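Student: dropping a prediction and its sequence here:
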Amino acid sequence: MSMPNRISRINTTIDNHIFAWSSIPSFAPMAEILRNSRDILVEKLLDLTERGVPEGANARDAVRLFLINFALERMAGEITSEHFTIFRDTETVEVILEDSYGIQCRADRDDILIPHQNEALKILIQCLFHRVKAADEKDILCFLHMFSRATPPARQDQDRTMRLRSMIWFIYLAIEIVKTERAVCSKGLEYFRNKFRELLDRTIEGTIIDEESRRPGFEDGRWEKTLFGWLQGEDRREFAIKLRRQFNMENRLEHVNRCLLADHRRCILVQVMAMFCNRPDGRAK
């Protein structure tokens, strides 16, 4: 296929998405992003596809997935403590985040300093919509209502909202592990998965920090100042237990739209390693 025909075919695909998304009020801002980014999208899709836009359902879904991710990354705002708030336990969440990340004092309010926001949002989008199939419009709407100011208010799907908030927690806990134990990067996914499970269990058991003496806690105390350490405590134990249930390590089948699935967890761990393992200081590229 000639280059002009490839470009024409890609433009047609972009136009089809703009038309479809423009007809849905909540998706209209996504359509506008495609409209204003056509040159970039054509270039990226030429690189993504060998012969323009391939035929077949899987190929079309892959292109659609790319366009969704592109638009959502540009619509996403900031991550706040509200996005971590689950089980209606705002106070516990805010205290944990303040202890872990600190606050910035402003004239009219104090803001919790949530780090790695760009990376976390990219991971969230990638792992919510990473499967090569038509993305669930309800998941897209849920993401938009949580993270985009451009989307009109609407009634949220509580189960899907709970999954998104749980994914935020899982992402940030995974980041803490890679930044604290660089060996995760060389030991691989299975080690990372087991380490995550062990640290979460120790948090709930109360053994990350040695509260009975002044001796260092688990592994010479290196986890005490991480999010796992701040999750420990009798007043936070119930919250941590509920959070572990949301992560669904046992792959329970109930509440299929509420809890994380195995592919969500795996995707997050893989993406965290990809972003945070390539720098000696543990920062993302």
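Tutor: Great, that's in hand.
Student: quick one: contacts for the closest residue in space to residue 11 that isn't next to it in sequence?
Tutor: Spatially, and ignoring its direct neighbours in sequence, residue 11 is nearest to residue 42 (6.6 Å; Cβ to Cβ, 6 or more residues apart in numbering). In short, each C-beta sits where N, CA and C put it, glycine included. Neighbour list for residue 42: 7, 10-11, 14 [criterion: Cβ atoms under 8 Å, 6 or more residues apart in numbering].
Student: among those residues, which are located in strands?
Tutor: Among these, no residue falls in strands (DSSP state E).
Student: and the residue nearest to residue 11, that one's in a helix?
Tutor: Yes - applying DSSP: H, G, I helix; E, B strand; the rest coil, one finds residue 42 inside a helix.
Student: make residue 1 into 38 and carry on from there
Tutor: With the count now opening at 38, the last piece we talked about shows up as residue 79.
Student: could you check the distance from it over to residue 69?
Tutor: 17 Å (Cβ to Cβ, to the nearest Å).
Student: remind me which residues of this protein are low pLDDT?
Tutor: The model of the chain has pLDDT under 70 over residues 38, 87-95, 144, 168-172, 186, 188-192, 293, 316-322.
Student: extract the CA atoms of the strand or helix carrying residue 304 and return them as PDB.
Tutor: Using DSSP states H and E, residue 304 maps to helix 299-313. Coordinates of each C-alpha in helix 299-313 appear next as PDB, following Å, rounded to 0.1, in the frame of the first residue of the first chain:
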ATOM      1  CA  ALA A 299      -5.000 -10.900  37.900                       C
ATOM      2  CA  ASP A 300      -4.300  -9.100  34.600                       C
ATOM      3  CA  HIS A 301      -4.700  -5.700  36.300                       C
ATOM      4  CA  ARG A 302      -2.200  -6.600  39.000                       C
ATOM      5  CA  ARG A 303       0.300  -8.100  36.500                       C
ATOM      6  CA  CYS A 304       0.000  -5.200  34.200                       C
ATOM      7  CA  ILE A 305       0.700  -2.700  37.000                       C
ATOM      8  CA  LEU A 306       3.700  -4.600  38.200                       C
ATOM      9  CA  VAL A 307       5.100  -4.800  34.700                       C
ATOM     10  CA  GLN A 308       4.500  -1.100  34.000                       C
ATOM     11  CA  VAL A 309       6.000   0.000  37.300                       C
ATOM     12  CA  MET A 310       9.200  -2.000  36.600                       C
ATOM     13  CA  ALA A 311       9.300  -0.600  33.000                       C
ATOM     14  CA  MET A 312       9.100   3.000  34.300                       C
ATOM     15  CA  PHE A 313      11.100   2.900  37.600                       C
END
